[in-house]
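1. build me a structure from this.
(4 chains)
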There are 4 protein chains.
Amino acid sequence: MKESTKNSEWRHRLHEVIYEADTKAGKVFDILLFFLIILSVILVMLESVKEIDQNHHGLLLTLEWIVTIFFTFEYIARIITVKKPFKYIFSFYGIIDFLSTIPLYISYILAGSQVLLAVRAFRLLRIFRILKLVKFIGEASQLKEALKASRAKIAVFIYVVLILSVIMGTMMYLIEDDEAGFTSIPRSIYWTIVTLTTVGYGDIAPQTNLGQLFATIIMIMGYGIIAVPTGIVTVEYSKYGSKGKRKKTENLIHTNTQVCETCTAEGHRDNAKHCYNCGDELL
Amino acid sequence: MKESTKNSEWRHRLHEVIYEADTKAGKVFDILLFFLIILSVILVMLESVKEIDQNHHGLLLTLEWIVTIFFTFEYIARIITVKKPFKYIFSFYGIIDFLSTIPLYISYILAGSQVLLAVRAFRLLRIFRILKLVKFIGEASQLKEALKASRAKIAVFIYVVLILSVIMGTMMYLIEDDEAGFTSIPRSIYWTIVTLTTVGYGDIAPQTNLGQLFATIIMIMGYGIIAVPTGIVTVEYSKYGSKGKRKKTENLIHTNTQVCETCTAEGHRDNAKHCYNCGDELL
Amino acid sequence: MKESTKNSEWRHRLHEVIYEADTKAGKVFDILLFFLIILSVILVMLESVKEIDQNHHGLLLTLEWIVTIFFTFEYIARIITVKKPFKYIFSFYGIIDFLSTIPLYISYILAGSQVLLAVRAFRLLRIFRILKLVKFIGEASQLKEALKASRAKIAVFIYVVLILSVIMGTMMYLIEDDEAGFTSIPRSIYWTIVTLTTVGYGDIAPQTNLGQLFATIIMIMGYGIIAVPTGIVTVEYSKYGSKGKRKKTENLIHTNTQVCETCTAEGHRDNAKHCYNCGDELL
Amino acid sequence: MKESTKNSEWRHRLHEVIYEADTKAGKVFDILLFFLIILSVILVMLESVKEIDQNHHGLLLTLEWIVTIFFTFEYIARIITVKKPFKYIFSFYGIIDFLSTIPLYISYILAGSQVLLAVRAFRLLRIFRILKLVKFIGEASQLKEALKASRAKIAVFIYVVLILSVIMGTMMYLIEDDEAGFTSIPRSIYWTIVTLTTVGYGDIAPQTNLGQLFATIIMIMGYGIIAVPTGIVTVEYSKYGSKGKRKKTENLIHTNTQVCETCTAEGHRDNAKHCYNCGDELL
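-> I've put the predicted structure just below:
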């Protein structure tokens, strides 16, 4: 039994290091993980640049191996220290962690590097894991509340923008010729959105007088329409930013970085003793 | 007389299915209609893409026939179940419904496909019919009130933007040469609006130093001017978004989807028993 | 003396027609003037389009003559009906009115059409004369107050944007080569403003990695900086848009369209009996 | 001893002229310095334009000598009049002043004009010195407070925008071909930021249908996301712009332009008698 307790304690300490950020070792681990994730993302980027890949292939591969080995140990440690490993393995982050680990192993089995690159790009999603570190989390929380509150209104706004784009894109297709780039209705709609959002690549541009007149109307609409989401977010945010409500949102901000050992649930209340999800004790 | 009552009851039930969304059959019909309208719009889009039209012409035609037949039956049913059919036929939606139905029939009589495409594009307007389904209608209502309140101010804003564009466009025409793309005053005004709204295609761009200096002024103006509609909408919207006013707007939101059988008026009060427009009973 | 009174009365009535909009004849005159100014502006535009000028030169010239003759009579009438004609002649609008009238006469004396076009473009400024007609004047007034209040802050903002543009433009000149379009510092600054204001023509674009990284920073800055004027105008406008202040601004809105016969001062109080400027009676 | 007092007084008066703006001579000096700094910046700009440099090389060099000599005397005077010269020499502005003075001297020793240009560009930073003159300083102060308050939230916003750009840029690299310009992931990320910030150069643009669909999503996101910084700045600024807080910020605005003779600290309170930094008397 003593053996078992020792084992449990060892596992518990490892759990605290990997999943939490309130001990010193936990913070060091999180910062190390942060830099390795950033490194792994930069490696994917650099490998896509032909000249760099050709000149420094060896270095990139070495660094890739370092990242992969660290990720492998981390993945195994995460499985071991969690009480219900299968729950972790098939959770969102469990799958992301797995996909971040395997690409290099697979590359020795399969050849299609393009597919592997796509898999490696999933590593980016691991970045969200590290938001724990970010001290700005309270600020983000407040913003998130405001965005959540204005979600429905922004959906209506995007719906109207899309309908407008379809109608005006179709009209531009009827007005403009193929030579100007308006070869099909979907392409005309693409141009309309490029114009309405004031991006304006210029790869497709109206050539006829009527087309340019029409484009002018779309531009001025787009220029004015942008006021709508801005108005929505500003008003909703001012509600959450005002003193009365701020107290309420501050309660919503969880500075507790503990993660349940049983079900990996996050975001516990500051003085929580039990997991709000599965009821197990938080250690 | 019993015959007549039966007939009337059958018509009344069909009316409820087609025009309203508060019975189960009505909801199913609305969802079906929604998908067929979306399908009909997508068909118009796909047919404009040359490769798709050539490779899948048969499939597109079959789907077009399905949509057309459904729309035909729906149009006839709408005429039958309304008490005053002519009022419906010559109403805005009546004409849209008619134009959405006929293109395929006409294509067997006339040849000019381009004109037919234009007619088919009217189907897009049918999308507005289905807004009934959208649960966000309350949100849209609130936004609409804010936009309606800021209408006059935005009109003044657009008026000023247009005068500025005409003046600055004319000046750019005098400054820049034909080679840079400033071949006429209307074209220079087009460029000015492209620049002022920060779209910036780049198909026309100033080449001389003076022209570039002047363009810089226009850009900074455009960059600053955008603050005006944003300010207007934000302030007006914050009025309608505040608690005191919200109650008032909530009264304006009609969740009643009933449509008068006599005059096809919509937007009745929640507990309305009589049409606010013609006074006939709502069933 | 009777003769003189008659003369004076006739002049007074003509003054009311030309300068004011509160009699029926005055309104008709204002609307006619509005359309002729718009027509004169459109004529300048159309004449700049080569094809239209070649094909319809006769029609354009005829319409130009109609406008010129009307403007000539109007100019003479304005001089006659004002008590101090020289004050009008050398006033801002007096000079604009004169410049709007003469181009066609001069074209028979001088040849340089380009210069004449520039003079004719001044006609656009006459548009401001007709703002009298616009019912939105109250709305514009409110906006103007808000913009006036935020003037100093927007000046600071533009000052900072310009300094940033100069610094970053110089850095881009050092980073990028001539081939990418960064041939001189002023041109690099032009590019920086094009980028910072999110216009983005694409005639000049960074080619090197460092240049693109730097451009990215400028873009994100520009994307964020736009929040500043928007915030300023929104806050200032919300002050003038709130109920308490609205009353105050409504007092500032002059719906009185009378113009003093002596000094041509505008904007008298609603029940004003004497000109606020020269003290003469308003008739 | 009398000699020493005389010397001290002479130094003190010079200090007031150079460092402060509340005497007449001080104001004249500041305005002269302002124009010479602007001139020195314009000289750097003009010299980079090949044609101007070739045609007017002599004039530019003469003006450059005038600026350099003035800056040299000013730099020496600043060192003499300060009690602790080394503190000034190694302060931020001390280094900038030194770098603004030396380029012309060095050009007679070294040859690499490109490096010298970079050094001369530092002169731009001297512009900040003259902000003292600007009467808008109060306005800027208020803005600065609002921006400082929204700093953390804007950092979160930029962090999210960057993560989104990395993820979407990688996806575009997988979707689009090299021919469309998406040659590497960093370049795809560059394109994503160009699109997300609605700059839209058009040097790189998606060619495939899937790529264009994806670009559309990025554009609409960018169009909506801009509402976030706008909302943040507006709300924060409205707090500092409201009456209650304004009083507080007005206290923060220092209209005192005195500079401590000992430690060159600025921003003393209006009636300050002693330097808040080193405690020496302000004269």
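
2. would you map the strands across chain A?
-> For chain A, applying DSSP state E gives no strands.

3. buried ones in stretch A:177-192?
-> Neighbour-count burial for stretch A:177-192 flags A:180-192 (criterion: 16 or more other C-beta atoms under 10 Å in any protein chain shown). Using the backbone N, CA and C atoms, a C-beta is placed for each residue, glycine as well.

4. out of these, list just those in helices.
-> A:I185, A:P186, A:R187, A:S188, A:I189, A:Y190, A:W191, A:T192 (DSSP state H).

5. ok, the third one - contacts?
-> Applying C-beta atoms under 8 Å, 6 or more residues apart in numbering or on different chains to A:R187 gives the contacts A:Y173, A:G181, A:I204, D:Q212.

6. and the first one, what is it in contact with?
-> In this structure, A:Y173 makes contact with A:F182, A:S184, A:I185, A:R187, A:S188, B:S48, judged by C-beta under 8 Å, 6+ apart.

7. quick one: pLDDT of the closest residue to it other than its chain neighbours?
-> Of all residues not flanking A:Y173 in the chain, A:S188 sits nearest, at 4.0 Å (C-beta to C-beta, 6 or more residues apart in numbering or on different chains). pLDDT for A:S188: 91.

8. domain ranges for chain A?
-> Split into domains by automatic domain parsing, chain A comes to A:2-132, A:136-250.

9. turn those domains into a markdown table, including distance to B:A149.
-> Output for the domains of chain A, formatted as a markdown table (distance: least, C-beta to C-beta, whole Å):
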| stretch | distance to B:A149 |
| --- | --- |
| domain A:2-132 | 40 |
| domain A:136-250 | 12 |
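
10. tell me which of the ones you listed lies nearest to C:T230.
-> Comparison of the domains of chain A against C:T230 by C-beta to C-beta identifies domain A:136-250 as nearest, at 6.8 Å.

11. any idea how far the closest one is from the middle of the chain?
-> 22 Å (C-alpha atoms, centre = their mean, to the nearest Å).

12. A:G169 is in contact with the residue nearest to A:Y173, correct?
-> Yes. A:S188 is in contact with A:G169 according to C-beta atoms under 8 Å; the separation is 4.1 Å.

13. sorry, back to before: any idea which of the buried residues of stretch A:177-192 is closest to chain D?
-> A:Y190 (4.7 Å; C-beta to the nearest C-beta).

14. so that closest one makes contact with D:Q212?
-> Yes. A:Y190 is within contact range of D:Q212, at 4.7 Å (criterion: C-beta under 8 Å).

15. how about A:T183, nearest residue that isn't a chain neighbour?
-> A:T183 sits nearest to B:K50 (C-beta to C-beta, 6+ apart), 7.4 Å away.

16. what of A:P85?
-> Nearest one to A:P85, counting by C-beta to C-beta, 6+ apart, is A:I79 at 4.7 Å.

17. so out of everything in the stretch 51-200 of chain A, what residue is nearest chain D?
-> A:V199 (3.6 Å).

18. for that residue, which residues are in contact?
-> B:V199, C:G200, D:T195, D:T198, D:V199, D:G200, D:M219, D:G222.

19. let's see the pLDDT reported for the residue nearest to it when sequence neighbours are not counted.
-> Spatial nearest neighbour of A:V199, excluding adjacent residues (C-beta to C-beta, 6+ apart): D:G200 at 3.6 Å. With respect to pLDDT, D:G200 scores 89.

20. where in the stretch 101-250 of chain A is pLDDT low?
-> Of all residues in the stretch 101-250 of chain A, those with pLDDT under 70 make up the ranges A:111-116, A:118, A:128-141, A:241-250.

21. residue ranges of the helices in it, please?
-> A:103-107, A:113-121, A:137-175, A:185-196, A:209-225, A:227-241, A:243-252 (DSSP state H, counting those that start in this stretch).

22. so how far is D:I163 from the residue positioned nearest the centre of chain A?
-> Centroid check for chain A by C-alpha atoms, centre = their mean gives A:L125 as the closest residue, at 5.4 Å. Note on A:L125: its distance to D:I163, by C-beta to C-beta, to the nearest Å, is 9 Å.

23. give me the phi and psi angles of A:T198.
-> Main-chain torsions, A:T198, degrees, to the nearest 10: phi 60, psi 20.

24. how many neighbours does it have?
-> 28 (other C-beta atoms under 10 Å in any protein chain shown).

25. how near is it to A:M219?
-> For A:T198, the distance to A:M219 - C-beta to C-beta - is 7 Å.

26. over to A:T183?
-> 22 Å.

27. same thing with A:E51?
-> Where A:M219 is concerned, A:E51 sits at a distance of 40 Å (C-beta to C-beta).

28. if you count surrounding residues, which of these two has more?
-> A:M219 (23 against 8).

29. just checking, the more buried one touches A:T192?
-> No. The pair A:M219 and A:T192 does not pass the contact test of C-beta under 8 Å, sitting 10.5 Å apart.

30. check contacts around the residue of the stretch 1-150 of chain A found nearest chain C.
-> At 8.6 Å from chain C, A:V49 is the closest residue in the stretch 1-150 of chain A, using C-beta to the nearest C-beta. Applying C-beta under 8 Å, 6+ apart, one finds that A:V49 lies in contact with D:T183, D:S184, D:I185, D:P186.

31. closest one of these to B:K24?
-> For the contacts of A:V49, the nearest to B:K24 is D:I185 (51.3 Å; C-beta to C-beta).

32. against chain B, how distant is the closest one?
-> Distance, D:I185 to chain B, by C-beta to the nearest C-beta, to the nearest Å: 25 Å.

33. isn't that residue right up against A:L43?
-> No. Here D:I185 does not reach A:L43: they are 10.5 Å apart, not a contact under C-beta under 8 Å.

34. list the contacts of the residue nearest to A:P85.
-> A:P85, A:Y88, A:I89.

35. can you give me every residue that contacts the residue nearest to A:V228 when sequence neighbours are not counted?
-> Nearest residue to A:V228 in three dimensions, chain neighbours excluded: A:F157, at 5.4 Å (C-beta to C-beta, 6+ apart). A:F157 makes contacts with A:V228, A:P229, A:I232, B:L143, D:G224, as judged by C-beta under 8 Å, 6+ apart.

36. cool, and A:G211?
-> Neighbours of A:G211 in contact, by C-beta under 8 Å, 6+ apart: A:M172, A:I175, A:E176, A:A180.

37. just give me the neighbour total for A:F86.
-> Neighbour tally, A:F86, other C-beta under 10 Å: 10.
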